[in-house]
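**Student:** fold the following for me, if possible:
(one chain, ligands or ions: 1)
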Amino acid sequence: MKIFFLGMMGSGKTYWAERLKKKLKIPAYDLDELIEMMEEKTVAEIFEEDGEEYFRKAEAKMLRLFAEKKTFILSCGGGTACYNDNMNWMNKQGITIWLDAPVETLAERLSKEKFKRPLIKTLSDLSLKDFLNKKLEEREAFYNRAAYRLSEEDLNENAFSKILKEYA
Ligand code: S3P
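**Tutor:** The predicted structure is shown next:
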């Protein structure tokens, strides 16, 4: 079973991947972390030194390596679904789940850890909200192609179990 978690930065992809990994006893990976290991730099450094386009290529390349793996939860980056035909690829490979948290929640969570995220690190809290609204609007068409969408109120272990039962 291949499970891909999609959604905006701050939507809880990594948190839920870690929780489900324990419950389902299957490995969980974080795409950003793997890219950082491959490039031996943080995501912020890659954006700064090599540019976003380079990062997107590395991201697509790392994602494709999951063709070889059979069972996992992969926590993708916020932009993964939106570049290099990644959404189609993931939908062919396994189950895509969009963690759809409201912008208010995203902004609150992200305001404390902006420095890790190159796209928002220079924004004030007010511009952060504007930025997130705009990004979500641009990205919604991609996220909407996920097989499942879980809104904040539906985000609990039971919701995931229900989805996964359909594939058991
Ligand atoms: C990005 C989200 C980040 C990371 C990079 C770009 C985006 O991942 O991939 O900073 O374009 O939304 P998280 O969603 O894990 O923060």
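
**Student:** contacting residues for Ala17?
**Tutor:** Listed by CB atoms under 8 Å, 6 or more residues apart in numbering, the contact set of Ala17 reads 5, 28-30, 73-75. For the C-beta atoms, the positions are set from N, CA and C on the backbone; glycine is no exception.

**Student:** so what pLDDT did it get?
**Tutor:** pLDDT recorded at Ala17 is 95.

**Student:** still on that earlier bit, need the buried ones from the contacts of Ala17 selected in ChimeraX.
**Tutor:** A single ChimeraX command selects the buried members of the contacts of Ala17 (16 or more other CB atoms under 10 Å):
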select :5,28,29,30,73,74,75
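
**Student:** and which of the contacts of Ala17 is nearest Asn133?
**Tutor:** Phe5 (21.6 Å; CB to CB).

**Student:** and for the closest one, nearest residue in space, chain neighbours not counted?
**Tutor:** Lys13 (4.1 Å; CB to CB, 6 or more residues apart in numbering).

**Student:** same deal with Lys70?
**Tutor:** Excluding the flanking residues, the one nearest Lys70 by CB to CB, 6+ apart is Lys2, at 7.3 Å.

**Student:** before I go, just wanted to say thanks for your time.
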